[in-house]
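**Student:** Need coordinates for the following:
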Amino acid sequence: MNHLSTYRVLAFCLSLGVSASQLLAADITVNWNDVHQTITGFGASVGDGGNHVPAKAAEWIYNMPEPGRTQCVDLLFDSTKGIGFNMFRAELSYFMQTEGGTFDISKDNPAQVWLMKEAQKRGKMNIWPAPWTPPLWMKTQQVYGGGELDPAHYQDYANYMSNYIRQSKSVNGIDMMGISIQNEPNFTPSYGGCAYNGAQLNAYAKVLGATFDRDGVSAKIVLADVNEPDGFVSMVTPALNDAVAVKYIGACAFHVYSGSWPIASDFALCHSKGKEVWETETSVGPWSGQGDQGGGWAVGWAKQVHACLTIADATSWHMFWFAAGGNGSLLDIANGAPAPAPRFWYMGHYSKFVRPGWVRIGTTPTQVTKNGGTVYISAFKHPTNGKFAIVALNEGITKPGPTVSFQINGLASIPSTVTPYLSTADLSPNLAMAKQADVPVTNGTFSVTLYNVGIATVTGNGPAVSVASPAPAAGLERSMRIETMRGGIMVNTQRAGKYQVELLSLNGKRLASWSLSGAGQQSLSTKGIAAGAAVAILSGEGSSISRRLLISR
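**Tutor:** You can find the predicted model right below:
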C-alpha cells in the first residue's frame, strides 16, 4: 500500500471512530454507499411437464393432501412461515384459443390458477408467464417440440398474450407483472419448444409492445430466457439496439446450467440500456462429493446465486420447479408432505432476508479464502429504513469452519449488535435455517463463524433515511415513466411535448435538472452524482410524476 492509500484509510477510520488496525484486520469490508442493482426478487417456476401437460409442478402441489398442501405453499411464499419467494414463473398454456376461435382463459391449467392465487394471498407477488410453445396453428411447423412462430401470426400471438394478461386479471384476479416471449428460443426440445433468432425476437417484440400499448397492458416484456452463455448476446442485441423495440423490453433473462457462471461482459448492453437482468431457470448441476444432504449441491446452487448477483448484477433469480421430487426442485413432496431439501434453506438465506426493492451494496472483496475453503460474500440493504443483510457462503469441508470478520464502512451510526441465521451440516441434518445469538459489533466490526459447508445471513439495522415521495398523478402510468439505470435514469414520454426532469436529494437539494422535448425514451446521465437514494420528478403537459430512485454507478 502506498503512502497516499494509507493516508486515505487513516482519514476514513478517524471519521468513523475506528482505528486503522481494526479496519485493515477485517476480512470483508461492506461499503454502505456503494450501491448496485435494485432487487426484484427470488422464486421458481411451475415448469413444463412434457407430454403436452403444462405447469406440472402446480399440479403436484395442488394434488397434495392437506395439511401438507397448505404447508407447502406457506414454506414457499410466506416470508414468516417460509422463505418468502416473490417471483413466480408461470407457464403460458398454448391451447386457450383455436384457429379462428375466441380466447378462453378458463382453459388455463386450474392447478396453476389456484397456486398463483394462493401465492398472491401471502404477499406481493411478481407473477410472469413464459411459453414453451405458441398455439400449434400459429407455427410454421405445427408440431409441439419445434418449428417457428409464423410471421403471418405475429399479431395473432401478440393478441393471445395480451388477452391472457388482461383476462388473468379481470377473470381470475391475478396480476401479471411481465411475460417472456419464449422459453429457450435457441433450443429444440422433445417437449414444448419454438425457435427464434435475435432478429425474430426483435421483430416480434415490436408487435407485442405495440399491442400492449393498444390494450393498456403494462407488463414487462422479458427478452431471451436462454441459457448463458449459449447465444445470449446474439439473442438480445438486435432488440436492445432497435429504437422501437428497446422501449418495450423490461428485462433480459438467462438460464444457468452445467455449473457455468455468467460472464459479466455479456450483460453490458442490457445494463447500458437500463434493463433488468434476470436469472430465470436452473436445476441440475455437476456438483458431487457430499450430495445434497451434506450441502454439496446446495452450496453449488448458492454459489450460482452469488455469481448471478455479483457478476451479472442480476435483479432476480429463479430455481426451476417449486416442488416435486429429485434434484430439480426445492421441496420434495413425494410422501404427501413438504420435505425441504438443503438447497431450499440455502436459497432462503437470500429470499427471506433480501426483499424486493432492496439494493445490493459492494463488498471488498466478494470472496475470501479461510481455513482451506472459500467464503463468498454479498451484501444488501433497504434503501431507506436502514435494515441490511450480509450473506456469507462457505464451501469448505475443513473443520472447524472459518470465522470471518466484517467491517461496515459509511454508516452514520453503527449498530451495537447483528443477528446471524445459519445453516450448516454441523448443526442440523437437513441444514434448516437457525437463528443464532446476537453478535456484538465493536467499532463497526463483528465476526461470524460459518462452520463446515455452511451459509449464514447476518441481519442488522443501520441509520434510517426518511423521504417524502409524492404519489404519481392519476392516469399517467402509461404515458410518463421514470426508471433507474446504471449510470443514469431512463425517462419515457409517450406524448409529444416539452418536459422538465429534476433530480433531488432526500433532503430536497437539487442534484441535476434536464429539459426534454418530443416523445420516446431518453437516457439521462448521472455521472458525478453520488450513488444513493434520490427523487426524480418528471413534469410537463400540465402533469407530473415523481419516483424514488437509487442512483448507481
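**Student:** Next, count neighbours for D175.
**Tutor:** Using other C-beta atoms under 10 Å, D175 is surrounded by 15 other residues. C-beta here means a position set from N, CA and C on the backbone, and glycine is covered the same way.
**Student:** Make sure it is actually in contact with W128.
**Tutor:** No: with contact defined as C-beta atoms under 8 Å, D175 does not reach W128; the gap is 10.1 Å.
**Student:** Specify the residue ranges that define each domain of this structure.
**Tutor:** As recorded under automatic domain parsing, the domains making up the chain are 3-36+360-461, 40-354, 480-551.
**Student:** Just say which of these is most tucked in.
**Tutor:** Comparing the domains of the chain by mean neighbour count (mean count of other C-beta atoms under 10 Å), domain 40-354 ranks first with a mean of 20.
**Student:** How about the contacts made by the residue nearest in space to the middle of the chain?
**Tutor:** With distances taken as C-alpha atoms, centre = their mean, the residue of the chain nearest its centroid is S316 (1.0 Å). Residues near S316 by C-beta atoms under 8 Å, 6 or more residues apart in numbering: I39, T40, G41, F42, G43, M87, N126, A251, E276, W278, E279, T280.
**Student:** same thing with G357?
**Tutor:** G357 makes contact with T38, I39, H382, P383, according to C-beta under 8 Å, 6+ apart.
**Student:** where does the stretch 401-550 of the chain have low pLDDT?
**Tutor:** 426-430, 466-479, 486, 506-508, 541-544, 546 (pLDDT under 70).
**Student:** Could you pull out the strands in it for me?
**Tutor:** Ranges of strands in the stretch 401-550 of the chain, per DSSP state E, counting those that start in this stretch, are 403-409, 417-424, 434-435, 439-440, 445-449, 454-461, 480-485, 488-504, 510-525, 532-540, 543-551.
**Student:** Of all the ones you listed, which one comes closest to V305?
**Tutor:** Each of the strands of the stretch 401-550 of the chain was scored for nearness to V305 using C-beta to C-beta, and the closest is strand 454-461 (10.1 Å).
**Student:** List the contacts of the closest one.
**Tutor:** Here strand 454-461 has contacts from 295, 298-299, 302, 346, 349-350, 352-353, 386-394, 401, 406, 415, 417-426, 436, 439, 441, 446, 448, 450, using C-beta under 8 Å, 6+ apart.
**Student:** Could you figure out how far that strand is turned away from strand 417-424?
**Tutor:** Per axes from the mean of the first three to the mean of the last three C-alpha atoms, to 10 degrees, the angle that strand 454-461 makes with strand 417-424 is 160 degrees.
**Student:** List the pairing partners of strand 454-461 within its sheet, with orientation.
**Tutor:** Strand pairing for strand 454-461, using DSSP bridges, gives strand 387-394 (antiparallel), strand 417-424 (antiparallel).
**Student:** Run the chain-centre distance for the first one.
**Tutor:** Relative to its parent chain, strand 387-394 has a centroid offset of 17 Å by C-alpha atoms, centre = their mean, to the nearest Å.
**Student:** cool, and stretch 410-426?
**Tutor:** Between the centre of stretch 410-426 and the centre of its host chain there is 23 Å, according to C-alpha atoms, centre = their mean.
**Student:** before we move on, what about stretch 214-227?
**Tutor:** Stretch 214-227 has its average C-alpha position 15 Å from the chain's average C-alpha position, going by C-alpha atoms, centre = their mean.
**Student:** mean confidence score for that stretch?
**Tutor:** When pLDDT is averaged over stretch 214-227, the result is 95.
**Student:** go on, stretch 140-155?
**Tutor:** Computed over stretch 140-155, the average pLDDT equals 95.
**Student:** Next, format the strands of the stretch 401-550 of the chain as a markdown table and append distance to P135.
**Tutor:** Formatted as a markdown table, the strands of the stretch 401-550 of the chain follow (distance: least, C-beta to C-beta, whole Å):
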| stretch | distance to P135 |
| --- | --- |
| strand 403-409 | 53 |
| strand 417-424 | 44 |
| strand 434-435 | 49 |
| strand 439-440 | 56 |
| strand 445-449 | 53 |
| strand 454-461 | 43 |
| strand 480-485 | 32 |
| strand 488-504 | 30 |
| strand 510-525 | 32 |
| strand 532-540 | 40 |
| strand 543-551 | 38 |
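**Student:** Those strands: which one's closest to S218?
**Tutor:** strand 480-485 (9.5 Å).
**Student:** What is that closest one packed up against?
**Tutor:** For strand 480-485, the packing partners by 3 or more C-beta pairs under 8 Å, 6 or more residues apart in numbering; DSSP states H and E come out as strand 488-504, strand 532-540, strand 543-551.
**Student:** quick one, it and strand 510-525 angle?
**Tutor:** Going by the same axes, to 10 degrees, strand 480-485 makes 90 degrees with strand 510-525.
**Student:** Need the contact partners of strand 480-485.
**Tutor:** Outside of strand 480-485, the residues within contact range by C-beta under 8 Å, 6+ apart are 38, 271-275, 489-495, 501, 523, 536, 538, 540, 543, 545-547, 549-552.
**Student:** how about the strand or helix carrying A57 as CSV, C-alpha atoms only?
**Tutor:** Using DSSP states H and E, A57 maps to helix 56-62. Extracted C-alpha coordinates of helix 56-62, given in CSV (Å, rounded to 0.1, in the frame of the first residue of the first chain):
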residue,chain,number,x,y,z
LYS,A,56,-46.8,-29.8,-13.9
ALA,A,57,-45.3,-28.6,-10.6
ALA,A,58,-48.5,-26.7,-9.9
GLU,A,59,-50.4,-29.9,-10.3
TRP,A,60,-48.1,-31.8,-7.9
ILE,A,61,-48.7,-29.2,-5.2
TYR,A,62,-52.4,-28.9,-5.9
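**Student:** who touches the helix or strand just after it?
**Tutor:** Later in the chain than helix 56-62, the nearest helix or strand by DSSP H and E is helix 68-77. Contacts with helix 68-77, where a contact means C-beta under 8 Å, 6+ apart, come from 44, 61-62, 64, 81-86, 115, 118-119, 122-123, 125, 322-323, 330-331, 333, 336-338, 340, 344.
**Student:** Stretch 488-495 too?
**Tutor:** So stretch 488-495 is contacted by 213, 247, 274, 478-484, 499, 501, 503, 516, 518-527, 536, 538, 540-541, 549, 551 (C-beta under 8 Å, 6+ apart).
**Student:** need the contact list for S423.
**Tutor:** By C-beta under 8 Å, 6+ apart, the contact list for S423 reads P342, W345, Y346, H349, L431, A432, M433, A434, G454, I455, A456.
**Student:** out of the residues you listed, who's nearest L136?
**Tutor:** When the contacts of S423 are ranked by distance to L136 (C-beta to C-beta), Y346 comes first, at 39.4 Å.
**Student:** Give me the mean pLDDT for the one helix or strand that closest one maps to.
**Tutor:** Element membership of Y346 [criterion: DSSP H and E] is helix 342-351. For helix 342-351, mean pLDDT is 93.
**Student:** where exactly do the helices run in this protein?
**Tutor:** Using DSSP state H, the helices found in the chain span residues 3-16, 20-25, 56-62, 68-77, 110-121, 154-170, 198-215, 232-240, 268-272, 291-294, 296-310, 342-351.
**Student:** close enough to count as contact, P151 and K206?
**Tutor:** No: under the criterion of C-beta under 8 Å, P151 makes no contact with K206, lying 11.9 Å away.
**Student:** counting contacts, what elements does the helix holding Y346 pack onto?
**Tutor:** Helix 342-351 sits against strand 41-45, helix 291-294, helix 296-310, strand 316-324, strand 329-332, strand 387-394, strand 417-424, strand 454-461, with contacts defined as 3+ C-beta pairs under 8 Å, 6+ apart.
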